[in-house]
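[1] predicted model, plus sequence, below.
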Amino acid sequence: MIEIIGAPFDLCGPQQGSRLGPPALRLAGLAPVLSKLGLVVTDHGDLPTGVESPNLQGMLNFDSLIGYLPELKNRTAQALDRGAIPLVLGGGHELAMGYISAALAKFDGDLALLWIDAHADANTPKTSPSGNIHGMPIAALQGLTSGVEGLVDKQWQRFLDEVVPTTRMRPERCAWYGLRDVDPGERDLIRRTPGDLAITMQDVDRRGVVETMREFNRWIRNTGAKYLWISFDVDVLDPILAPGTGTAVRGGLSYREGHLLAEMIREFLDAPDCAFELVGLDVVEVNPLIDSHNETAKMAVEWVGSLFGKSILGVH
Ligand SMILES: [Mn+2]
């Protein structure tokens, strides 16, 4: 069972337009692709769009996000309680603080996270060069302190208390895939965390998708996590393939690499001795305003199809 939740909120990045991501993904055939694979798909439609709020010392729409996340978290929790896999359509990646918090609460923190993205999204307000909150979800999910004083710190603390109150993401259970634009503070965080896994595009160049994904599989087994959330930012793909995204970075995954990555995750999940279960998925940062012929949403839908078992010969 898959439950689609649209979250058209895009106020915490440099460029608006990913609020149109959910309809673009639907029009690219998301639900039919999944239904054809034999999955039962329920589409709950969209939450409202966000409402802008005054900037807080350079941080865009912090209040708007704090107001938005509880309902998203709530809807995600309801899908999880029904035993379904929530498929959240963004919107910007800042939304992850809401839906992943729901999964952390549901599974009592027994969660591993695969963050498929050109960016690490692990800045705190102190380390962020831009102040864009869409680059801070992992820091918030781990419950890191803001590193600053004054109003921003107060808001950040309020944010942690209201959205990620009890169960936090364990740093050693975070994995990144496809990194190629990482800020200095994020590098420090990744380096000083024992046990996390950061697979960069350089790793993919040198060892390919097969080897790096085998490494991921060994890593997740070692973490002992029983549940996995996959967060898919379309900017992990090369902009030639997926131009419709706000913070595109050259040198991303090719079409074949992207699909192979999804197919390998499916292979791991379907293995009889697989120790973890896929409990949630999101597709974020699709911005149709800067796309070409909805290519980015189409690619994302194909990718989700591969993740749920669509293959050339239809057999494993
Ligand atoms: Mn990104």
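    Sure thing, it's come through. Numbering: from 1, shown residues only.
[2] C-alpha only now, for contacts and for neighbours.
    Noted.
[3] where's the closest residue to the ion within the stretch 1-150 of the chain relative to V182, distance?
    Residue of the stretch 1-150 of the chain nearest the ion, by CA to the ion: H119 (4.5 Å). Distance, H119 to V182, using CA to CA, to the nearest Å: 6 Å.
[4] same question for E295.
    Distance, E295 to V182, using CA to CA: 26 Å.
[5] quick check, E295 in contact with P239.
    No - using CA atoms under 8 Å, E295 makes no contact with P239, being 10.5 Å away.
[6] before we move on, the earlier item: which one's more surrounded, E295 and V182?
    Taking neighbours as other CA atoms under 10 Å, E295 and V182 compare with E295 leading, 19 against 16.
[7] and that one, what does it touch?
    Residues near E295 by CA atoms under 8 Å, 6 or more residues apart in numbering: 241-244.
[8] and T245, how far is that from L179?
    Distance of T245 to L179, given as CA to CA: 16 Å.
[9] and the two? which has more neighbours close in?
    Neighbours were counted for T245 and for L179 using other CA under 10 Å; T245 has more, 29 against 23.
[10] for stretch 70-79, list every residue counted as buried.
    Buried residues in stretch 70-79, counted by 16 or more other CA atoms under 10 Å: 70, 72-73, 75-79.
[11] what's the spacing between the helix or strand containing L114 and its chain's center?
    Using DSSP states H and E, L114 falls within strand 111-116. Centroid separation for strand 111-116 versus its chain: 8 Å, with CA atoms, centre = their mean, to the nearest Å.
[12] report all helices and strands that it contacts.
    Packing partners of strand 111-116 (3 or more CA pairs under 8 Å, 6 or more residues apart in numbering; DSSP states H and E): strand 174-179, strand 227-233.
[13] what lines up beside the helix or strand where L89 lies in the sheet?
    Secondary structure from DSSP H and E places L89 in strand 85-90. Strand 85-90 has its sheet partners listed here by DSSP bridges as strand 2-7 (parallel), strand 277-284 (parallel).
[14] the longest one - what's its average pLDDT?
    Per-residue pLDDT values across strand 277-284 average out to 98.
[15] how about stretch 56-71: buried residues?
    For stretch 56-71, a neighbour-count test (16+ other CA under 10 Å) marks 59-70 as buried.
[16] and that stretch, how far from the chain's centre?
    Offset of stretch 56-71 from its chain centre (CA atoms, centre = their mean): 18 Å.
[17] kindly report the same for stretch 183-196.
    On the basis of CA atoms, centre = their mean, stretch 183-196 sits 18 Å off its chain's mean C-alpha point.
[18] which positions in the chain make contact with the ion?
    Residues of the chain lying near the ion by CA under 5 Å from the ion: 117, 119.
[19] worst-scoring helix or strand of the chain, pLDDT-wise?
    Using mean pLDDT, DSSP states H and E, helix 151-163 stands out as the lowest-scoring helix or strand of the chain, at a mean of 92.
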